[in-house]
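Engineer: how would this look folded up:
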Amino acid sequence: MVQGVRLWTSPDSTRVVLTLSGPAEHQLLTLSGPDRVVIDLRDARMQSGVSAHGNQGVIRGLRTGIRNGHDLRVVLDLAGKVKPRSFYLKPDGVNGHRIVVDLLGSMTAAAPTARVKPVVAATPARTTTAAAPLVARAQIPASSPATFSVTSKATSNVTPKIATAKTSVQKRVQPKPVEAVVVQAAPAPKPRVAESVVDTAPVETMARAPAAPAAPVKTARDAGRGRELIVAIDAGHGGKDVGARGPSGTHEKDVVLAIARKLATLVDSEPGMRPVLVRDGDYFIRLRDRMKKARTQRADLFVSIHADAFSDHRAQGSSVFVVSERGATSEMARILADQENAADLVGGVSLNDKDDLLKSVLLDLSQSASIEASMSVADNVLGELKHIGNVHKSRVQQAGFMVLKSPDVPSILVETAFISNPTEERQLRDTRHQQRLAQAIMKGIRAYFRENPPPGTVMANRDSNGESETLVASRDAGTESVAGQAHVIKSGETLSELAERYAVSMQRLRLANNLTGDRLRVGSVLRIPATDS
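Structural biologist: Take a look at the predicted model:
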C-alpha cells in the first residue's frame, strides 16, 4: 500500500518519495510525447485520500492507475526531459519503507512562472580584459505551489500509450541498502528563526544559466589581467536536513547559509575573485553532489560552513578541518573503481585513457598537493578566527568528511561555533557576529591566495604594489622580460623538468626565484623568466 507521496526540489533535481506499508518491487520507465516517468509497483494500491504538492520542479501532474488487476502504476507528467533514477530504502527507525525517485535535470527551463532578478552570473573563466557583468537570471518563485490530489484513473487511460511508446526500463527486484545520507522525509514548515538570521541579498548560484549580460560594474577587476579565482562556498545541510539545533531552536542550516552569503559578498568584492554558492536556498543537496558542483565549476578552493554541537552545552569555539589521509585515500579508490568517473579531470589531465596504475599515480600526486594546500589555507583561516573569539582546537583538525574529499580542489570545513552552547547560539543568530565570522574566513582565504596565487589568475599577475609577477621576476633576476610566467609547484615536479618545459636554464630559474639549491616546495609559485634565446 502506498501511504503517501512527497515531492521537493533543488536547482538541479526533483525528488519523489513514495512511502509504503511494506517492501515492494518496482520498475521505472521513461516515456516521451509528452514527457513522463512511470513507476510500476507490483501488488500495490494507493491509499485513499493521499495527496501531494503539484507543479514542483519538472513535475506538472501525478496520476495513478491499476494494471493487470493487481499492480499500481504511478505516472509523473513532466515539463521536460529528465534523467530518472530510483532506489528502495528500508525502515530506519524513523521512516518506514520508501521508494525514492530522483529526476535529474535543471529546474530553470521548467519554471513557467519564474521571476527575474539581477544577480552576478556563474560564468566560465573570463578573458583577460573583461569585467564581471550583471545579468538577469530566472529564479523559481518562493511562493507555495498549488496542490492537487492523487487520483486513480482506469487502466485503459494509461496502458495503451505505454504499450506503443519507447521505454527505458530500470528494474528493481531486490531491495538494496543505501547510504543514510539520501534518506529524506517530507519538507517541514520553515522554522521560526529571527529575521536577522538569514541574509536575503542576491548572490551567485551555480545551477542557473545566465541570461543576457547588462553593463559591467566592477572596475577594480579591469585593473588585473588573468582569470578570476573561484571560491566555492558550501552552506551545510538544507531542506529537511536542518543540521544541529540550538537550545532555543535555532537551526544550523539557517545560520550557516546567512554566513555563506556574507562570505560570498566579501569574495565578490575582492578584485580577482569570484564566489559560487553551492547551496543558495533552503533545499537538500547530497554530500557528494556538493563536491561535484565545486569541481564542475573548476573551483580553486572549496569552503564548507557548519556549526558544531555537543551534548555538553559548555563546549565552545571554532574549528577548521581538512580531509584526513585515510579519507582521501578511500575517495581516490572510489574514483578509480567507478567507471563513470574514469573521464574526470584531475589537475587538467583526463583519466579516461590511462591504465589503473597511472590513474592511481596521477590522483595521488594531485591529492597530495591538494591536501597540502588545504592545510595551508585552513591554518590561515583558523589564525583569523582566533582574533574574533574562542577556538575549540588550536590546530587544524583532520577528518574523513565527504565534502572535503575532492582530489584536485583544496577544501576546508569551518565549524563556526557550537550552536549547542547558549551563548554561541545567540552569537550565531546575530548578523554582526555572522559578518565577523565571514570576514575572518575571508582574511584567511585572501592571505593564502596572495602567498600562493594559481598561475594565470589576476593575483598571480600582480604583486602588492600592483606590478605584474613577470616584472617582479625580471627585476629580481636582473634580466629583461619578454613573456614571463608563473608556475605553481605540484608534487613530484623538479627544477630540471620545469627548466626543460619552459625552455629556460636552471641557473636563470634559480636567479629569478632566489633559489640556492634545486629543492622546490609544493604549492609555492615559481617565477618563469623570459625564454632563453
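Engineer: what about the helices in the stretch 201-350 of the chain?
Structural biologist: Ranges of helices within the stretch 201-350 of the chain are 252-269, 287-296, 325-337, based on DSSP state H, counting those that start in this stretch.
Engineer: packing partners for the longest one?
Structural biologist: Which is helix 252-269. In terms of contact count using 3 or more CB pairs under 8 Å, 6 or more residues apart in numbering; DSSP states H and E, helix 252-269 is assigned the packing partners strand 229-235, strand 273-277, strand 301-308, strand 411-418, helix 431-451. The way it works is simple: take the backbone N, C-alpha and C, and place the C-beta from them, glycine included.
Engineer: in CSV: the ones you listed, plus mean neighbour count and distance to residue 35.
Structural biologist: Output for these, formatted as CSV (neighbours: other CB atoms under 10 Å; distance: least, CB to CB, whole Å):
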stretch, mean neighbour count, distance to residue 35
strand 229-235, 26, 32
strand 273-277, 25, 30
strand 301-308, 26, 34
strand 411-418, 28, 37
helix 431-451, 20, 42
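Engineer: residue 383 is nearest to which of the ones you listed?
Structural biologist: helix 431-451 (6.8 Å; CB to CB).
Engineer: what mean pLDDT does the closest one have?
Structural biologist: Throughout helix 431-451, pLDDT has a mean value of 94.
Engineer: okay, angle between that helix and strand 273-277 too, please.
Structural biologist: 130 degrees (axes from the mean of the first three to the mean of the last three CA atoms, to 10 degrees).
Engineer: how about helix 431-451 as PDB, C-alpha atoms only?
Structural biologist: Written as PDB, here are the backbone C-alpha positions of helix 431-451 (Å, rounded to 0.1, in the frame of the first residue of the first chain):
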ATOM      1  CA  THR A 431      24.100  39.400  11.900                       C
ATOM      2  CA  ARG A 432      27.000  41.400  13.200                       C
ATOM      3  CA  HIS A 433      28.800  38.300  14.500                       C
ATOM      4  CA  GLN A 434      27.900  36.500  11.300                       C
ATOM      5  CA  GLN A 435      29.700  39.300   9.400                       C
ATOM      6  CA  ARG A 436      32.800  39.000  11.700                       C
ATOM      7  CA  LEU A 437      33.000  35.200  11.000                       C
ATOM      8  CA  ALA A 438      32.700  35.800   7.300                       C
ATOM      9  CA  GLN A 439      35.400  38.500   7.400                       C
ATOM     10  CA  ALA A 440      37.700  36.200   9.400                       C
ATOM     11  CA  ILE A 441      37.300  33.400   6.800                       C
ATOM     12  CA  MET A 442      37.800  35.900   4.000                       C
ATOM     13  CA  LYS A 443      41.100  37.200   5.600                       C
ATOM     14  CA  GLY A 444      42.400  33.700   5.700                       C
ATOM     15  CA  ILE A 445      41.500  33.000   2.100                       C
ATOM     16  CA  ARG A 446      43.000  36.300   0.900                       C
ATOM     17  CA  ALA A 447      46.200  35.700   2.800                       C
ATOM     18  CA  TYR A 448      46.600  32.200   1.300                       C
ATOM     19  CA  PHE A 449      46.000  33.200  -2.300                       C
ATOM     20  CA  ARG A 450      48.300  36.200  -2.000                       C
ATOM     21  CA  GLU A 451      51.000  33.800  -0.900                       C
END
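Engineer: list the strands paired with the one helix or strand residue 398 maps to, with their directions.
Structural biologist: Per DSSP states H and E, residue 398 falls inside strand 397-399. Sheet pairing for strand 397-399, assigned by DSSP bridges, gives strand 319-323 (parallel).
Engineer: quick one: the partner strand to strand 411-418, angle?
Structural biologist: Compare the direction of strand 319-323 with that of strand 411-418 by the same axes, to 10 degrees and you get 150 degrees.
Engineer: dump strand 319-323 to CSV, restricted to CA.
Structural biologist: Listed in CSV are the C-alpha atoms of strand 319-323, where the atom choice follows Å, rounded to 0.1, in the frame of the first residue of the first chain:
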residue,chain,number,x,y,z
SER,A,319,37.4,24.6,14.5
VAL,A,320,38.8,24.2,11.0
PHE,A,321,39.0,20.8,9.3
VAL,A,322,40.7,19.3,6.3
VAL,A,323,40.4,15.8,4.9
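Engineer: contact partners of it?
Structural biologist: Defining contact as CB atoms under 8 Å, 6 or more residues apart in numbering, one finds that strand 319-323 is touched by 308, 331, 371, 374-375, 378-379, 381-382, 385, 391-393, 396-401, 404-405, 411-415.
Engineer: drop anything exposed from those.
Structural biologist: If you count burial by 16 or more other CB atoms under 10 Å, the buried members of the contacts of strand 319-323 come out as 308, 331, 371, 374-375, 378-379, 381-382, 385, 391-392, 396, 398, 400-401, 404-405, 411-415.
Engineer: can I get the helices and strands packed on helix 252-269 in JSON lines with distance to residue 99?
Structural biologist: Below are the helices and strands packed on helix 252-269 laid out as JSON lines (distance: least, CB to CB, whole Å):
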{"stretch": "strand 229-235", "distance to residue 99": "29"}
{"stretch": "strand 273-277", "distance to residue 99": "31"}
{"stretch": "strand 301-308", "distance to residue 99": "30"}
{"stretch": "strand 411-418", "distance to residue 99": "33"}
{"stretch": "helix 431-451", "distance to residue 99": "40"}
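Engineer: out of those, flag the one nearest residue 487.
Structural biologist: Among those, the nearest to residue 487 by CB to CB is helix 431-451 (15.1 Å).
Engineer: contact partners of that closest one?
Structural biologist: With CB under 8 Å, 6+ apart as the test, helix 431-451 has contacts from 196-197, 199, 229, 231, 255, 258-259, 262-263, 265-267, 270, 273, 300-301, 303, 305, 318, 376-378, 380-385, 387-388, 414, 416-417, 427-428, 459, 464.
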